[in-house]
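Visitor: Got a predicted structure here, sequence first:
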Amino acid sequence: MSKGDDFDDQMIVAEVVSGQKELFRLLVNRHEKPVYRMGLSFFHNTEDAADFTQEVFLKVFRNLVSFEGRCRFSTWLYRVAYNTAVNSVVRKKEYQSLAEDPSSPEYAQDGDTPEHTLFRQVVQEAVWEAVKELPERYRICVDLFFFYDRSYQEIEAITGYPVNTIKSHVFRAKKLLREKLADFRY
């Protein structure tokens, strides 16, 4: 997301809060996909992820007046989404990274040769399997940092983990992934 998008989000929020509620659809359109993918990470099926996405945007809409603009709107939104997901699955204690799901069609590249497509799929599956084996706290930080492009400060705002803990989790996760993938050969 560019700085312009963040500024646009702030302007849209201000307009929605001032009464132009129909503009909320712009925020939903812009952020629906990453929230849905977060839902998939926690709930592992499309129906629950869709329900989760709807629940998150309902909460955001109802509480939009409490958004003070001290952070990016997307950070605040992901914090609401993360808390909603954690509260929903706290009994199950399940979190599965879907940020690099190799079955996802969005990772296909136009113009790829069949060999390149196969190679990409094999590599993604290897990474996917390695990420699935990481401890939950590492997977969450890796997902938010690498796949959702969040800064350490934003991850702190989303998860409540201190920045140094997040840095440590990302560092350790990268080390574990390097070790797990060291023998990978295609």
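Guide: It's in.

Visitor: Who are the packing partners of the helix-or-strand element of the chain with minimal mean pLDDT?
Guide: One helix or strand of the chain scores below all others by mean pLDDT, DSSP states H and E: helix 114-132, with a mean of 76. Contact here means 3 or more CB pairs under 8 Å, 6 or more residues apart in numbering; DSSP states H and E; on that basis helix 114-132 packs against helix 136-142, helix 163-181. (Each C-beta comes from the backbone N, C-alpha and C, glycine too.)

Visitor: What are the buried residues along the last one?
Guide: Within helix 163-181, the residues that count as buried by 16 or more other CB atoms under 10 Å are 165-166, 169-170, 172-173, 176-177, 180.

Visitor: Distance to residue 21 and pLDDT for those residues - can I get that in CSV?
Guide: Below are the buried residues of helix 163-181 laid out as CSV (distance: CB to CB, whole Å; pLDDT from 0 to 100):
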residue, distance to residue 21, pLDDT
165, 38, 94
166, 35, 92
169, 39, 93
170, 38, 91
172, 44, 93
173, 41, 90
176, 46, 89
177, 44, 87
180, 48, 85
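
Visitor: Now do residue 140, the pLDDT please.
Guide: The model reports residue 140 with a pLDDT of 85.

Visitor: you'd agree it is up against residue 159?
Guide: Yes - using CB atoms under 8 Å, residue 140 is in contact with residue 159, at 6.3 Å.

Visitor: neighbour-wise, which of these two wins?
Guide: residue 140 (26 against 21; other CB atoms under 10 Å).

Visitor: so how far is residue 87 from that one?
Guide: Distance from residue 140 to residue 87, counting by CB to CB, to the nearest Å: 15 Å.

Visitor: do residue 45 as well
Guide: 18 Å.

Visitor: Ok, residue 138 next?
Guide: 21 Å.

Visitor: Between these two, tell me which one has more neighbours.
Guide: More crowded of residue 138 and residue 87, by other CB under 10 Å: residue 138, with 22 against 9.

Visitor: Where does pLDDT dip in the protein?
Guide: Along the chain, the parts satisfying pLDDT under 70 run over 1-7, 89-112, 185-186.

Visitor: care to break it down by domain?
Guide: Residue ranges for the domains of the chain, per automatic domain parsing: 1-95, 99-186.

Visitor: follow-up on the earlier one: now tabulate the helices and strands packed on helix 114-132 in CSV and tack on distance to residue 27.
Guide: Converted to CSV, the helices and strands packed on helix 114-132 look like this (distance: least, CB to CB, whole Å):
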stretch, distance to residue 27
helix 136-142, 24
helix 163-181, 26
